[in-house]
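K.L.:
Sequence first, predicted model second:
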Amino acid sequence: MPVPRMSPDSLIFVAGHRGLVGSALVRALHAAGFDNLILRTRQELDLTRQDAVERFFTQYRPQYVFVAAARVGGILANDTYPAEFLRDNLAIHTNVIDAAYRNGAHKLLYLGSSCVYPKHAPQPMSEDCLLTGPLEPTNEWYAIAKIAGLKMCQAYRRQYGFNAIAAMPTNLYGPGDNFNLAGSHVLPALLRKVHEAKLSDAAQVEVWGTGTPKREFLHVDDLAAACLFLMQRHDDSSLINIGCGRDQTIAELAQTIARVVGFEGALRFDSSKPDGTPRKLLDTTRLTALGWKPQIDLENGLRTTYDWFLQHVAPQPGANLPRVHYG
């Protein structure tokens, strides 16, 4: 029996609605006329607690579920808190996917991560690269949890017929990003460091690594649009990569950020610090074949992100900034 598409009166739960991805999903849903949303903060609903999740789903029985909740961070955070990254992410998707199935949800979309693919996977990375080689050691705990989540979606579809789909986003950025440098990724970390350097008239900004690794960046509003597209049009077990199909070196990213911020000093790359995976570019052939493509180019996306940063983060007093790290 075909699964009905979301309609304006559908009851929709966005798990993790206050995060970078979840808040973008809420914006996209409202813009598309989907206003019957169930939203809970972590204080209101701790997704790592099975009993709390079960009570929530039994009471509200959402018809559509977006799983955007996760413990996330860069190299430093992953290396410092491996147990939390593994435990919390396993608990979140286990509790939510199981409760959604047992309480009659029509469909669930689970968001994985490009880090699920092997460190030395052929580039660009297709969905078929999954489990074909060793992971990047600096974020393997998070990656293993995410692999378990997408496999849980496939297992529940295979055994129970539950329409759970899994999408793998590339590196994301945009309004609502985490600019707390103790746990942020390379783009927001660099943006904040370059901004602070501009304000202090610093002669240079230090960046971890050689600057040679290549990364793909997708604006979070493009990701949200892709998620709504997939929720309406993708109904099988195949994994779907979500990206823009273009990448650049970390050095090129830093140069673009400096241009957007208006910083005229030098960029100094500390090659004694780890680079992480040499390249991460997703093969988006499957998504493109379905008829979706991104709309926001990197430089324009960085400008709107920097505007958001100036309005929401920069006015707040900050601590001493650690060196940039990235995943």
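P.N.:
Nice, I can see it. Residues are numbered from 1 along each chain as shown.

K.L.:
CA atoms for contacts and neighbours, from now on please.
P.N.:
OK.

K.L.:
what residue ranges in the chain are flagged as low confidence?
P.N.:
The chain contains residues with pLDDT under 70 at 1-3, 182-183, 315-327.

K.L.:
quick one: the strands in it?
P.N.:
Remark: strands assigned in the chain by DSSP state E are 12-15, 37-38, 64-67, 107-111, 164-169, 171-173, 204-208, 214-215, 217-219, 240-242, 248-249, 266-270, 279-280.

K.L.:
tell me what the first one is packed against?
P.N.:
Applying 3 or more C-alpha pairs under 8 Å, 6 or more residues apart in numbering; DSSP states H and E, we find strand 12-15 packed against helix 20-31, strand 37-38, strand 64-67.

K.L.:
Buried residues in the longest one, which are they?
P.N.:
By neighbour count on 16 or more other C-alpha atoms under 10 Å, the buried set for helix 20-31 is 20, 21, 22, 23, 24, 25, 26, 27, 28, 29.

K.L.:
ok, now which ones touch the fifth one?
P.N.:
With contact set as C-alpha atoms under 8 Å, 6 or more residues apart in numbering, residue 24 has these partners: 220, 221, 224.

K.L.:
hang on, the earlier thing: from the buried residues of helix 20-31, which is closest to residue 200?
P.N.:
If you rank the buried residues of helix 20-31 by distance to residue 200 using C-alpha to C-alpha, residue 20 comes first, at 28.3 Å.

K.L.:
Could you measure from that closest one over to residue 243?
P.N.:
16 Å (C-alpha to C-alpha, to the nearest Å).

K.L.:
Ok, residue 158 next?
P.N.:
Computed as C-alpha to C-alpha, the residue 158 to residue 243 distance reads 27 Å.

K.L.:
what about the helices in this structure?
P.N.:
20-31, 50-60, 75-80, 82-102, 140-160, 186-199, 220-233, 250-261, 285-290, 298-312 (DSSP state H).

K.L.:
taking these together, which one is wrapped up most tightly?
P.N.:
Ranked by average neighbour count under the criterion mean count of other C-alpha atoms under 10 Å, those are headed by helix 186-199 at a mean of 22.
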